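J.: got a predicted model here, sequence first, then my questions.
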Amino acid sequence: MQASFVGEGFLRNASFQTKLSNNLAESLLRITVCHCGSLPQPRLTVYRQLSEVVDRGSFGIMDVTTKMEGVLTGTERFALRQGDADDLLQELPAESVDLVITSPPYWGLRSYEADHNWDILDEWRAEHPASEIPSYEWYRSHGGLLGLEPLPEWYVANLAAILRRCQRVLKSTGSMWLNLGDTYFARWSSIRAKGRQGLNGDERQRRKTPMGGFRQEKQLLLIPSRVAIAMQEHRWILRNDLIWYKPNVPPRPFDDRLGLTHEHFFHFVKRPKEGRAKYFYSLEDVGAPHDVQQVNVVPGRDSHSASFPPKLIEPRILSSCPPDGVVLDPFSGVGTALEVSVSLGRRAIGFDLNKRFLSAAKKRLGRIAPPLF
Ligand SMILES: C[S@@+](CC[C@H](N)C(=O)[O-])C[C@H]1O[C@@H](n2cnc3c(N)ncnc32)[C@H](O)[C@@H]1O
């Protein structure tokens, strides 16, 4: 038997396996006990028998793409699609999603093992004034990767444009939780295929970024705030700027500033055509009811270096998505948000460019069967 305990807002695994009977020799019964936030009583969810033996044999070589319709109609618990979030968001029906929860690539840190056109700024400037910013369509059709824009201004515009597509797919009662970290400007910076900045020896690409305006040496770029302001201009209502304090961030060798130990988790809702925004929100499930949350960074999973800590997202999912609602992560990586959502009795859809990450997500999600009740 395998039991997963969700307690005090974070996911803990207390696994123990027992052969139930001769007939069920290869089956596992997963029991999830949820005791979240201020709920008075633990909630018990019994999951269907699973054969991990079968799962291990089949996932990984299977295609990672699965159909979204089943999730939307309630016959499937999760779906994964490989591709650009900008395209895939357009495939979802209007008003079909209860919660978007996501952590897109941050600016100027990682390539997530994808190819990027490092000459894209020269190509653009050969035909356009320096102050003009390309559309995301032009950028990606010329080999640009989200997160590796040559200028932070391009990144802010691209991310806000992609996320704007979430407005159509979100229900009027829906929410978006957007996790973003900041970056210091450096004329010369290094971008990694994976791994954390300043740590370990992963391969890296050196890049020179033009200085000008706020782009000055040692400048904290305030990228999360710039994205949030661009989102407000795209009709989003910002409800919270939750500060994720990461106490276990390793110290860095700086002697003229404090360590950067927090990230932002913005809560947005849709601006209604008239009146005030009215959206699903379960206050009893928010965990600590204030906008600073202390959660340790977790080690990367499945060679993905930037996965969500379950403890950070679990209260957001419980409080911003109704039971059995649909959660979307358009930059799903190895599927942490999807895995936590399905474990909590929600349905989940994930998009990612990287087939290997999706494959890892599929394997994890395949081990969680639909609740029996
Ligand atoms: C910060 S990671 C997300 C990690 C995820 N929250 C998890 O827990 O695994 C960002 C992800 O976005 C993906 N990505 C980058 N550009 C994308 C795009 N245009 N469309 C879809 N996914 C993209 C990357 O492959 C990467 O897995």
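T.: That came in fine, so what should we check first? Residues are numbered from 1 along each chain as shown.
J.: strands of this structure, residue ranges please.
T.: Secondary structure of the chain by DSSP state E: the strands cover 2-7, 10-15, 28-35, 43-50, 78-82, 97-102, 170-180, 188-192, 204-208, 236-245, 262-270, 292-294, 326-329, 347-352.
J.: tell me the buried residues in the longest one?
T.: Okay, so that is strand 170-180. Judged by neighbour count (16 or more other CB atoms under 10 Å), strand 170-180 contains these buried residues: Leu170, Lys171, Thr173, Gly174, Ser175, Met176, Trp177, Leu178, Asn179, Leu180. Bear in mind the C-beta positions are built from the backbone N, C-alpha and C, glycine included.
J.: show me the helices in the chain, by range?
T.: All helices of the chain, identified by DSSP state H, fall at 52-58, 69-73, 85-88, 120-125, 136-141, 152-169, 223-233, 310-320, 336-343, 355-366.
J.: Ser343: which of the buried residues of strand 170-180 is nearest?
T.: Nearest to Ser343 among these, counting by CB to CB, is Trp177 at 17.1 Å.
J.: tell me the spacing between the one residue in the chain that gets nearest to the ligand and Glu113.
T.: Using CB to the nearest ligand atom, Gly333 is the residue of the chain that sits closest to the ligand, at 2.4 Å. Taking CB to CB, to the nearest Å as the measure, Gly333 and Glu113 are separated by 12 Å.
J.: same thing with Thr75?
T.: From Thr75 to Glu113 the distance is 33 Å (CB to CB).
J.: same question, Pro323
T.: Pro323 is 36 Å from Glu113, by CB to CB.
J.: hang on, the earlier thing: residue contacts, the residue of the chain closest to the ligand?
T.: With contacts defined as CB atoms under 8 Å, 6 or more residues apart in numbering, Gly333 is in contact with Ser103, His304, Ala306, Ser307, Phe308, Asp352, Asn354, Phe357, Ala361.
J.: the ligand next: which of the buried residues of strand 170-180 are close?
T.: Among the buried residues of strand 170-180, no residue sits close to the ligand (CB under 6 Å from any ligand atom).
J.: in CSV, list these along with pLDDT.
T.: Listed next are those as CSV, based on pLDDT from 0 to 100:
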residue, pLDDT
Leu170, 98
Lys171, 98
Thr173, 98
Gly174, 98
Ser175, 98
Met176, 98
Trp177, 98
Leu178, 98
Asn179, 98
Leu180, 98
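J.: just the closest of those residues to Ser225, please.
T.: Closest approach to Ser225 among those (CB to CB): Leu180, at 9.1 Å.
J.: so what's that closest one closest to, chain neighbours aside?
T.: Leaving aside its sequence neighbours, Leu180 sits nearest to Pro224 (CB to CB, 6 or more residues apart in numbering; 4.0 Å).
J.: related to what we said a few turns ago, which of Thr75 and Glu113 has more neighbours?
T.: Applying other CB atoms under 10 Å to Thr75 and Glu113 shows that Glu113 carries more neighbours, namely 15 against 11.
J.: overlap in contacts of Gly333 and Glu113?
T.: In contact with both Gly333 and Glu113: Asn354, using CB under 8 Å, 6+ apart.
J.: dump the residue contacts of the spatially most central residue of the chain.
T.: Nearest to the mean C-alpha position of the chain, counting by CA atoms, centre = their mean, stands Thr102 at 2.9 Å. By CB under 8 Å, 6+ apart, the contact list for Thr102 reads Met176, Trp177, Leu178, Asn179, Leu328, Asp329, Pro330, Phe331, Ser332, Ala337.
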